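> dropping the sequence and predicted coords here.
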Amino acid sequence: MEYRSVVGETVTEKVIEKSRFLTYVSHTEGEEEAKGFLVRIRALHPTATHVCYGYIADKLGNEQRFSDDGEPQGTAGMPILGVIKAQNLRETAIAVVRYFGGIKLGAGGLTRAYAGGAAEGVEAAEKKVYTTGVEVTLEVDYPDVNAALRFLEGEIVLSREFSDKARFTVMIKESEEETFTARAWDFFNGKVFLASGKTYFYPF
């Protein structure tokens, strides 16, 4: 299984008819994390006129929520959620903060403003495909450290530890673990220790 999501958090801003719109796009794993994201954004903007949002909190697309937060029904939350769906994103939350500037935009104008803000935020965000990965620890004696560094060029190295031996923890796609292991044994002529660790979804 794999799915597409944003990485980290991104903020964009635009002004429409003197109203200020700030869009926050964040990777949120699960509904509790999405709710926590919204609490944090509201705390950042206690005087905002509206904090509208949409999110798909899970990997399958089932946990969907949205809110107009006082804007006319259907003009904010649903358009924001629509952007997430159109981009086929999962575990993604978007909050659009509005500071009213005194000029009413009308239903159509509001829909365009919120959907446009969400779309710009998603465009600015880094997006990756999350695939099941496994942490693999590779351990070698110190004379083989330089060889290990060469072998791991281009790999995702999560940590390096130098104690009695040199240990490198790398993230490998689960589907490629056997190939990686075979390459390591061949490269080091068997003088290497390999151990599989945690398995989880990772943005490769």
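Yep, that arrived.
> from now on I want contacts and neighbour counts done on CA atoms only, so please keep to that.
Will do.
> any idea how far Y142 lies from L158?
Distance of Y142 to L158, computed by Cα to Cα, to the nearest Å: 19 Å.
> which one's more surrounded, those two?
For Y142 versus L158, neighbours defined as other Cα atoms under 10 Å are more numerous around Y142 (15 against 12).
> okay, now the domains of this protein?
Domain assignment of the chain by automatic domain parsing yields the ranges 2-124, 129-203.
> let me know which of the ones you listed is tucked in deepest.
Highest mean neighbour count among the domains of the chain (mean count of other Cα atoms under 10 Å): domain 2-124, with a mean of 19.
> distance from the chain centre to it, please.
With Cα atoms, centre = their mean, to the nearest Å as the basis, domain 2-124 stands 15 Å off its chain's centre.
> for the protein, which segments count as helices?
For the chain, the helices defined by DSSP state H occupy 31-44, 77-86, 106-124, 145-151, 177-187.
> quick one: residues contacting the closest residue to P203 other than its chain neighbours.
The shortest distance from P203 to any residue other than its chain neighbours is 4.2 Å, reached at Y130 (Cα to Cα, 6 or more residues apart in numbering). Applying Cα atoms under 8 Å, 6 or more residues apart in numbering to Y130 gives the contacts 2-5, 201-204.
> what about dumping the CA coordinates of stretch 26-45 to PDB?
Written as PDB, here are the backbone C-alpha positions of stretch 26-45 (Å, rounded to 0.1, in the frame of the first residue of the first chain):
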ATOM      1  CA  SER A  26       0.100  20.100   7.300                       C
ATOM      2  CA  HIS A  27       0.800  16.400   7.300                       C
ATOM      3  CA  THR A  28      -1.400  14.900  10.100                       C
ATOM      4  CA  GLU A  29      -1.400  11.200  11.000                       C
ATOM      5  CA  GLY A  30      -4.900  10.400  12.300                       C
ATOM      6  CA  GLU A  31      -7.800  12.500  13.400                       C
ATOM      7  CA  GLU A  32      -6.400  13.400  16.800                       C
ATOM      8  CA  GLU A  33      -3.300  14.900  15.200                       C
ATOM      9  CA  ALA A  34      -5.600  16.800  12.700                       C
ATOM     10  CA  LYS A  35      -7.600  18.200  15.600                       C
ATOM     11  CA  GLY A  36      -4.500  19.100  17.500                       C
ATOM     12  CA  PHE A  37      -3.300  21.000  14.300                       C
ATOM     13  CA  LEU A  38      -6.500  23.000  14.300                       C
ATOM     14  CA  VAL A  39      -6.300  23.800  18.000                       C
ATOM     15  CA  ARG A  40      -2.800  25.100  17.400                       C
ATOM     16  CA  ILE A  41      -3.800  27.300  14.400                       C
ATOM     17  CA  ARG A  42      -6.700  28.800  16.400                       C
ATOM     18  CA  ALA A  43      -4.300  29.600  19.200                       C
ATOM     19  CA  LEU A  44      -2.000  31.400  16.800                       C
ATOM     20  CA  HIS A  45      -4.900  33.500  15.500                       C
END
